[in-house]
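**Student:** Build the 3D model from these lines:
(one chain, ligands or ions: 1)
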Amino acid sequence: MKITNWFNTSETDVDEQHYASPKNEEEIVEIIRNIENYPSPIIPLGYKHSPVPYFEQKTGTFVSMLNFKKMEISIDDNTATFGAGVYFIDASEFLFQHNKQFFIHYEIGTATIGSIACCHMKDSSYNNNPYYHGGMFSKYCVKIKFINESGNIEIWTKDENTENFDYLTSSHGLFGIIIEATFMIEDLTLCHVTHHITSWGGLKDYTKSKYCEPFFYYGLPFRDTVLLEFRKKIPVSLSSTIRRSRFYKLRNRLWKRTLPLFSFYIQTFSPLPKKANYWIVDSVCSVAYKLMACLFKDLYCYPHDQVIFYPEKGSLWAGKYIFNYSCVSKDKFPEFLDSVLKFQKDYYNKTSERIDLNQVGYYIKQDRPTETSFLSYSKHSDQISIDLIDTTKDKEKILKMYEKILENIKKNEFSAHVLFNQTWGSEKVHLYGSYDIERFKVMRKKLDPSNRFYTQYFKKLLNDY
Ligand SMILES: Cc1cc2nc3c(=O)[nH]c(=O)nc-3n(C[C@H](O)[C@H](O)[C@H](O)COP(=O)(O)OP(=O)(O)OC[C@H]3O[C@@H](n4cnc5c(N)ncnc54)[C@H](O)[C@@H]3O)c2cc1C
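**Tutor:** Below is the predicted model:
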């Protein structure tokens, strides 16, 4: 059988006896302990929506965690516990029914709890979150049940295993298989969303201003058009006076499906030269942004309205795009932005290749000062990102461009961060920003001395041969 991801940027052949879908903890214990039947490395699988080739492996045992669907809420201590295979969209719907919500709302509803509890994730921060809102969802994780390399079930909590817990919440599946995770939750709020149109210069000036608040942006690297989106939490007590807007669904549809599909069809089927196709897509996006800035002002929704259920595979009907992510501290962002925009133009002039959709980015607030997570990208400062989005069928060319961009970022010493599960080329370019990689490597060895979970991808990523 073949395992592939959403983008088809990663695939691997597996014979069926080395692919398992355990239904309970005992079956996982048996897999981990029986090295003969289940060769190393063991690779826990969520929904396989990570763009990076984390499961590309000639030998090994692949363990799908999608059967673990527990959902439990503890109103008294404001926490909720979910099985590793629960999708984020189901978890947030479950909390909504109890008038509760997560502190962070990802757009990606299909990320599984197992992956969210131990991987890099990103979404722009709310402007007025009572807590700091760092990029790693796992900051809000307070307890994890997992099975270690010896096949023993362990339960670690943030309070009792403080330092080790931070490693576990950054472990990307390298320390064991997560069975369930418990998160802090809060009372349900409304969310106010508004949009403004600006230029690249306007975006840079805004990030330098003392009034700058977290935002999400969509921009066109070959046009001077940028759309800013701001989100703020509002007490739910106002809900009787505020009408929830259906426009938010339209915003999701445009962003997730309509624009990527339009770009894909134009790039694939239009008989016009490539340059003309780029012009058409840029023009349509530019008009769409201006419309969004007019229509999508003062929208009210519940935070979980923004969560989108993506199908297992990107397709001609569902929409399909790939992206690459890097981020820098807020003060370095204007320079970083200039450099990446310039790189894209120079690269296009040289090779006639460029991303065919848009560039988006997230403003992510610094972690709470007490946090110590070793692989957190927003540990020291607020971060702003660049995500380069492409819908083309010719993925080899665009993946090569992603790698070149990372090399250029490294050369320019921006101290940029990549996400280990989301940045194509991370394992080749070794861009660690402020990650404490050496300590992480020591801890990995301590917790998995037999390398039961150590995959090719992560060996390369940690430069560990
Ligand atoms: C269209 C699209 C849009 C996206 N948008 C966003 C976005 O806005 N924000 C964002 O943060 N991400 C986004 N992503 C990326 C995606 O959400 C993350 O890569 C996420 O980790 C994928 O979750 P998954 O369940 O598919 O994990 P997988 O890709 O299956 O696994 C990710 C890693 O977690 C490990 N893992 C999985 N389950 C377990 C477990 N139970 N125990 C231990 N380790 C485990 C795996 O071994 C692997 O290393 C997007 C992806 C797609 C396809």
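**Student:** show me the residues around Ile355 that make contact.
**Tutor:** Shown in contact with Ile355 (C-beta atoms under 8 Å, 6 or more residues apart in numbering): Pro221, Gln344, Leu388, Ile389, Asp390, Ile398, Met401. From N, CA and C alone the C-beta is placed, and that goes for glycine too.
**Student:** Touching, the fifth one and Tyr321? I think so.
**Tutor:** When you say that, I think you mean Asp390. Yes. Assessed by C-beta atoms under 8 Å, Asp390 is found in contact with Tyr321 at 6.4 Å.
**Student:** Give the residue from those two that has the larger number of neighbours.
**Tutor:** Set side by side, Asp390 and Tyr321 show more neighbours around Asp390, with 27 against 22, by other C-beta atoms under 10 Å.
**Student:** and the more buried one, what are its phi and psi?
**Tutor:** Backbone torsions of Asp390, given as degrees, to the nearest 10, read phi -140, psi 140.
**Student:** Offset the numbering so it begins at 440, please.
**Tutor:** In the new count, where the first residue is 440, that last one comes out as Asp829.
**Student:** circling back: report the set of residues contacting both of Asp829 and Tyr760.
**Tutor:** Common neighbours of Asp829 and Tyr760 (C-beta under 8 Å, 6+ apart) are Leu796.
**Student:** sorry, back to before: quickly check the contacts of Ile794 for the two that are furthest apart.
**Tutor:** Pro660 and Ile837 (13.5 Å; C-beta to C-beta).
**Student:** Just the element for whichever residue of the stretch 690-839 of the chain sits closest to the ligand, please.
**Tutor:** Residue of the stretch 690-839 of the chain nearest the ligand, by C-beta to the nearest ligand atom: Tyr749 (5.0 Å). Under DSSP states H and E, no helix or strand contains Tyr749.
**Student:** which residue sits closest to it, ignoring its sequence neighbours?
**Tutor:** Distance criterion C-beta to C-beta, 6 or more residues apart in numbering; nearest residue to Tyr749, sequence neighbours excluded, is Thr549 at 4.9 Å.
**Student:** Ser765 now?
**Tutor:** Of all residues beyond its chain neighbours, the one nearest Ser765 is Ala855 (4.8 Å), with distances taken as C-beta to C-beta, 6+ apart.
**Student:** ok, that neighbour - contacts?
**Tutor:** Ser765, Cys766, Val767, Phe775, Ile848, Lys849, Leu870, Gly872.
**Student:** returning to what we had before: would you mind putting the contacts of Ile794 into TSV with distance to Lys688 alongside?
**Tutor:** As requested, those are arranged in TSV below (distance: C-beta to C-beta, whole Å):
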residue	distance to Lys688
Pro660	28
Gln783	32
Leu827	26
Ile828	21
Asp829	25
Ile837	29
Met840	33
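**Student:** Need these in a markdown table (columns: secondary structure and distance to Cys724).
**Tutor:** Output for the contacts of Ile794, formatted as a markdown table (DSSP: H, G, I helix; E, B strand; the rest coil; distance: C-beta to C-beta, whole Å):
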| residue | secondary structure | distance to Cys724 |
| --- | --- | --- |
| Pro660 | coil | 11 |
| Gln783 | helix | 15 |
| Leu827 | strand | 14 |
| Ile828 | strand | 11 |
| Asp829 | strand | 13 |
| Ile837 | helix | 17 |
| Met840 | helix | 19 |
